[in-house]
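Undergrad: Using only what follows, build the 3D model:
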Amino acid sequence: MIVGQEELSKIRGENAGKRIVLLKGTFDLLHPGHVNRMRAAKSLGDILVVFVKCDEVLRRKGAGRPVEDEGQRAAVVDAVRYVDYTVIANRKVDVGIEGVPEHEREQYLRYYKMISDLRPDVLVKPEKELPRVLSELYREIGTSIHVLEETPGVSTTMLIDKIRRSDEYAGGTHLPKPTETGGHMIKTAIGQDSHRFAAGGTGKPLVLAGVEFDGEDPLEANSDGDVVLHAVTRAVSGITTVDVLGPKTKEFLGAGITDSRVYLEEALKDLRGTIAHVSVSIECSRPRITPKIPEMRDSLSSLLKTDGQNIGITATSGEGLTEAGKGNAVSVLAVLTVDCS
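TA: So this is what the prediction gives:
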């Protein structure tokens, strides 16, 4: 049954004593991986409630998304026999919680009230770190977290690519290929930056992709030294041809602005198009990057206003062949792909 967000409290009340399981997703072009996830989720309780992400969120995945609008996606999800209730998460509600980090604010506004009303017994989620505010909410209401790996070899993106390769879409509608003429243009740019670790204490934290690494030495820079955001900013400038890390940076520093997120936001003002993908490669022997990748991805997702699935972050020590690999610096290479159609 498709219900509105305002009915979640009623669902909880009518199912007192029953185990409610929550599953959240986009479900754009339903495939076996989605059905497997729903089957596994339903096996964990009595009632399965599915939150379907709205069109506004899916548009950040890039051009052509969503393939189906939120109403159609909800209707298909609701037709799956394992699903008891389907809810489109298309309203934001601010319940006045203080200190919500910017990179968590989108999910907080969309889901905090919904989760509070439903009070699920189980949350089924992929292997991805939850935003702090929602994680604390689940802990407060006693929701157990069940991590479920995605079905390998199948995804909506893979289906779309397969359709594009065959030049056909169900019903005969043609999906344009990225390389087609007629105004459809893909641009790619590379950005790079490196900074040494500061000698001695500076009182500044180490910041990468807008995320602080507690207990680590900071990088030497007039700004906060966020080499990840500097590399991404340079990649954006490679698309727009408007140099930000230069003359405009001096203006910001002169005004006392050292937050590299401001520099990236300035560069994005001239970007015309949809971010299709960002790949960030970090070379260093310290700090440990991998445990922080989910938080870094969420931060970049918020700053770039694109879905986290469009952001890839990898790390390497480079076998200790460079200053970064030897632990003296951090070096970052960013590749940005933008649909400029």
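
Undergrad: Tell me the helix or strand right after the worst-scoring helix or strand of the chain on mean pLDDT.
TA: Every helix and strand of the chain was ranked by mean pLDDT, DSSP states H and E. The lowest is helix 156-166, at a mean of 69. Sequence order places strand 186-196 as the next helix or strand after helix 156-166, per DSSP states H and E.

Undergrad: Send me that next one as PDB with only the CA atoms.
TA: This file holds the C-alpha atoms of strand 186-196, laid out as PDB (Å, rounded to 0.1, in the frame of the first residue of the first chain):
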ATOM      1  CA  ILE A 186      30.600  15.200 -21.900                       C
ATOM      2  CA  LYS A 187      33.600  17.100 -20.500                       C
ATOM      3  CA  THR A 188      36.400  15.700 -18.300                       C
ATOM      4  CA  ALA A 189      39.100  17.600 -16.400                       C
ATOM      5  CA  ILE A 190      41.900  16.700 -14.000                       C
ATOM      6  CA  GLY A 191      42.800  18.500 -10.800                       C
ATOM      7  CA  GLN A 192      45.900  17.900  -8.700                       C
ATOM      8  CA  ASP A 193      47.300  19.300  -5.400                       C
ATOM      9  CA  SER A 194      49.900  18.300  -2.800                       C
ATOM     10  CA  HIS A 195      50.800  19.700   0.600                       C
ATOM     11  CA  ARG A 196      53.500  18.800   3.100                       C
END
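
Undergrad: can you tell me the average pLDDT over it?
TA: For strand 186-196, mean pLDDT is 91.

Undergrad: Now do the phi/psi pair for residue 219.
TA: Dihedral pair for residue 219: phi -90, psi 150, per degrees, to the nearest 10.

Undergrad: Neighbours of it, how many?
TA: Residues within reach of residue 219, counting by other CB atoms under 10 Å, total 25. Using the backbone N, CA and C atoms, a C-beta is placed for each residue, glycine as well.

Undergrad: List the contacts of the nearest residue to it once chain neighbours are set aside.
TA: Distances taken as CB to CB, 6 or more residues apart in numbering place residue 225 nearest to residue 219, at 3.4 Å, with adjacent residues excluded. Contacts for residue 225 (CB atoms under 8 Å, 6 or more residues apart in numbering) come out as 195, 198, 204, 206, 207, 218, 219, 260.

Undergrad: What is the lowest-pLDDT residue among these?
TA: Per-residue pLDDT puts residue 204 lowest of those, at 86.

Undergrad: separation between that residue and residue 327?
TA: 18 Å (CB to CB, to the nearest Å).

Undergrad: And residue 312, by the same measure?
TA: 24 Å.

Undergrad: Please name the nearest non-neighbouring residue to residue 217.
TA: Closest to residue 217 by CB to CB, 6+ apart is residue 197, at 4.7 Å.

Undergrad: was I right about the one you found contacting residue 213?
TA: No: counting by CB atoms under 8 Å, residue 197 stays clear of residue 213, with 11.6 Å between them.

Undergrad: tell me the contacts of residue 283?
TA: So residue 283 contacts 315, 316, 317, 318, 322, 324, 325, 330, 331, 332, 333 (CB under 8 Å, 6+ apart).

Undergrad: How about the contacts made by the nearest residue to residue 53 once chain neighbours are set aside?
TA: Excluding the flanking residues, the one nearest residue 53 by CB to CB, 6+ apart is residue 26, at 4.8 Å. By CB under 8 Å, 6+ apart, residue 26 lies in contact with 52, 53, 57, 58, 61, 66, 73, 156.

Undergrad: Let's have these in JSON lines, adding distance to residue 80 and neighbour count.
TA: JSON lines is the format used below for these (distance: CB to CB, whole Å; neighbours: other CB atoms under 10 Å):
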{"residue": "52", "distance to residue 80": "12", "neighbour count": "26"}
{"residue": "53", "distance to residue 80": "16", "neighbour count": "22"}
{"residue": "57", "distance to residue 80": "21", "neighbour count": "19"}
{"residue": "58", "distance to residue 80": "19", "neighbour count": "22"}
{"residue": "61", "distance to residue 80": "22", "neighbour count": "24"}
{"residue": "66", "distance to residue 80": "18", "neighbour count": "21"}
{"residue": "73", "distance to residue 80": "12", "neighbour count": "25"}
{"residue": "156", "distance to residue 80": "16", "neighbour count": "22"}
